[in-house]
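Trainee: predicted model, plus sequence, below.
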Amino acid sequence: METVYKFLFAVLILATLVVEEAAAATQHAVGGSQGWDESTDFTTWASGEKFNVGDQLVFKYTSGLHSVVELGSESAYKSCDISSAVTSLNGGNNVVKLTKPGTRYFACGTSGHCGQGMKVKITTAAADASSGTTTSTPASSSSPSSASSSPASTSTSASASATAFVSHGALMATLLLAISLFLVLF
Ligand SMILES: [Cu+2]
């Protein structure tokens, strides 16, 4: 009977850890309440946000008026070279997952909009910086309607699974530690 309780305790710890890990991922509504629009100051917005691995960017805009293109380099970003886009998204509500540390460049694909400042540079911090601290997200972005925006994250799936493996390892280590602690104490 005692083993049953031990098992249940272990399951409880595991469930808690999984929930905590899920809660640590933040959704960033790009541009804040103004959204993905040419009137938004994205440099100021991005400087006030902290991007961690596992977080998501949510681009909200009027479908047909704007789009989201990911650019492959700093130079393409600076010169608004939309033709070198890595990924192109549209539809008005796109979710892009930040799967690894580093800088990513996004711009609007509509002619002239990037030049007007409708672009943003996102720098994702290394995984270890994400422990615990979750940045605030506007309540409006709470609907996780993962639109047809998966292509952006699938291109980097190899590194994504590597990151997942690392965090999974840390999770298992914590779990094993908790279980052994329990066995020693009781
Ligand atoms: Cu635009």
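Mentor: Everything's here; your move. Numbering: from 1, shown residues only.
Trainee: what does this structure have sitting close to the ion?
Mentor: Proximity of the chain to the ion, by C-beta under 5 Å from the ion, involves residues 66, 108, 110, 113, 118. Every residue, glycine included, has its C-beta placed from N, CA and C.
Trainee: same thing but 6 Å
Mentor: Within the chain, the positions lying close to the ion (C-beta under 6 Å from the ion) are 38, 66, 108, 110, 113, 118.
Trainee: run a quick neighbour tally on the closest residue to Ala125 other than its chain neighbours.
Mentor: Excluding the flanking residues, the one nearest Ala125 by C-beta to C-beta, 6 or more residues apart in numbering is Asn52, at 5.5 Å. Residues lying near Asn52 (other C-beta atoms under 10 Å) number 22.
Trainee: going forward, the N-terminal residue is numbered 36.
Mentor: New numbering, starting at 36: the last item is Asn87.
Trainee: got any ranges where the protein has weak pLDDT?
Mentor: Along the chain, segments meeting pLDDT under 70 span 36-59, 162-221.
Trainee: strands of that one, start to end?
Mentor: 62-64, 86-87, 91-95, 103-106, 120-124, 128-132, 137-142, 154-160 (DSSP state E).
Trainee: just the residues contacting the fourth one, thanks.
Mentor: If I follow you right, that is strand 103-106. Strand 103-106 has contacts (C-beta atoms under 8 Å, 6 or more residues apart in numbering) with 71, 94, 96, 112, 116-117, 119-125, 129, 131, 139-144, 187.
Trainee: kindly report the same for the last one.
Mentor: Strand 154-160 has contacts (C-beta under 8 Å, 6+ apart) with 65-66, 77-78, 80-81, 85-88, 90, 92, 112, 115, 133, 135-143.
Trainee: buried only: go through the contacts of strand 103-106 for me.
Mentor: Among these, those scoring as buried are 71, 94, 96, 112, 117, 120-122, 124-125, 129, 131, 139-144, 187 (criterion: 16 or more other C-beta atoms under 10 Å).
Trainee: ok, back up a step: now the residue nearest to Ala160: how far from Lys132?
Mentor: 11 Å (C-beta to C-beta, to the nearest Å).
Trainee: quick one: Gly152 and Phe77 touch, right?
Mentor: Yes - at 7.1 Å, Gly152 counts as touching Phe77 under the criterion of C-beta atoms under 8 Å.
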